[in-house]
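[1] show me how the following folds:
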Amino acid sequence: MAVEFNWLQVIDFLPELVTGLYYTLLISVVGLAIGFILGGVFGLGRIANNKVIKGISTVYVEIIRGTPVLVQAIWIYFALPLIIGFEIESIIAGIIVIALNSGAYIAEIVRGAVQSIDRGQAEAGRSLGLNHSQTMRYIIWPQAFKRMIPPLGNQFIISIKDTSLLSVILVPELIFQGRLIAANHFNAVEIYTTVAVFYLAITLTLSFILRVIERRLDIQ
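    Numbering: from 1, shown residues only. Reported below is the predicted structural model:
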């Protein structure tokens, strides 16, 4: 018996799906903004001369990179409240998960980009009378940032797709909304296909923006 699909029915559920899209983008943008700050701090910490700072940065990166995003989400939403004594809202927990996870990977991107700059650049800075911080600010960091853009763009796309795992902690993002609709109206094909199109639209848009930035900055 052939199954009939009602694609026009998807229009009736667009408000719920748009709500899910809103939370997906909200968590992604805020989480990645915090993750970029964490990545910069711990990335530079990974190459610091201070052993304590380097050790703390390494522990953070290895713990986050060594555990699945799903496990991190479950631990932060269900286990952490038992330790700190109060509940964490699912959306806040989702932002924390994306921030911590993306921060660890961005830290490695930062570390790799800075270490890829020839040491002669730093020596040239010192010969010009610049101190370490000035050399990093005016010579090393601008070159390293250009090299970071492609992997950073890739990490942004990965983090946006990672938000789909947050439905397990009841974050009302795209997958969560799609599951509710599909479960109540038995239209899994139409709804999940639409959700996939939403994600594809986001990632293709980001990829296009990234390519434009790379061309503007002449990144090979």
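
[2] drop to CA atoms for contacts and neighbour counts, all remaining ones
    Noted.

[3] residues of stretch 142-152 that come out buried?
    By neighbour count with 16 or more other Cα atoms under 10 Å, stretch 142-152 contains the buried residues 143, 144, 146, 147, 148, 149, 150, 152.

[4] chain center to the helix of greatest length in the chain: distance?
    Among the segments of the chain that qualify as a helix by DSSP state H, the longest is helix 14-46. Offset of helix 14-46 from its chain centre (Cα atoms, centre = their mean, to the nearest Å): 6 Å.

[5] list the helices and strands it packs on?
    Helices and strands touching helix 14-46, by 3 or more Cα pairs under 8 Å, 6 or more residues apart in numbering; DSSP states H and E, are helix 51-65, helix 90-116, helix 141-162, helix 174-185.

[6] what's the angle from it to helix 141-162?
    140 degrees (axes from the mean of the first three to the mean of the last three Cα atoms, to 10 degrees).

[7] for helix 14-46, what is the average pLDDT?
    Helix 14-46 carries an average pLDDT of 95.

[8] same thing with stretch 104-114?
    Averaging pLDDT along stretch 104-114 yields 95.

[9] for stretch 20-33, list the C-alpha coordinates in PDB.
    C-alpha atoms of stretch 20-33 as PDB (Å, rounded to 0.1, in the frame of the first residue of the first chain):
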ATOM      1  CA  GLY A  20      12.900  25.900  16.800                       C
ATOM      2  CA  LEU A  21      15.000  27.700  14.300                       C
ATOM      3  CA  TYR A  22      15.100  30.800  16.500                       C
ATOM      4  CA  TYR A  23      16.400  28.800  19.500                       C
ATOM      5  CA  THR A  24      18.900  26.900  17.300                       C
ATOM      6  CA  LEU A  25      20.300  30.200  16.000                       C
ATOM      7  CA  LEU A  26      20.200  31.900  19.500                       C
ATOM      8  CA  ILE A  27      22.100  29.100  21.200                       C
ATOM      9  CA  SER A  28      24.500  28.800  18.300                       C
ATOM     10  CA  VAL A  29      25.300  32.600  18.100                       C
ATOM     11  CA  VAL A  30      25.600  33.100  21.900                       C
ATOM     12  CA  GLY A  31      27.400  29.800  22.500                       C
ATOM     13  CA  LEU A  32      29.900  30.400  19.700                       C
ATOM     14  CA  ALA A  33      30.500  34.000  20.800                       C
END
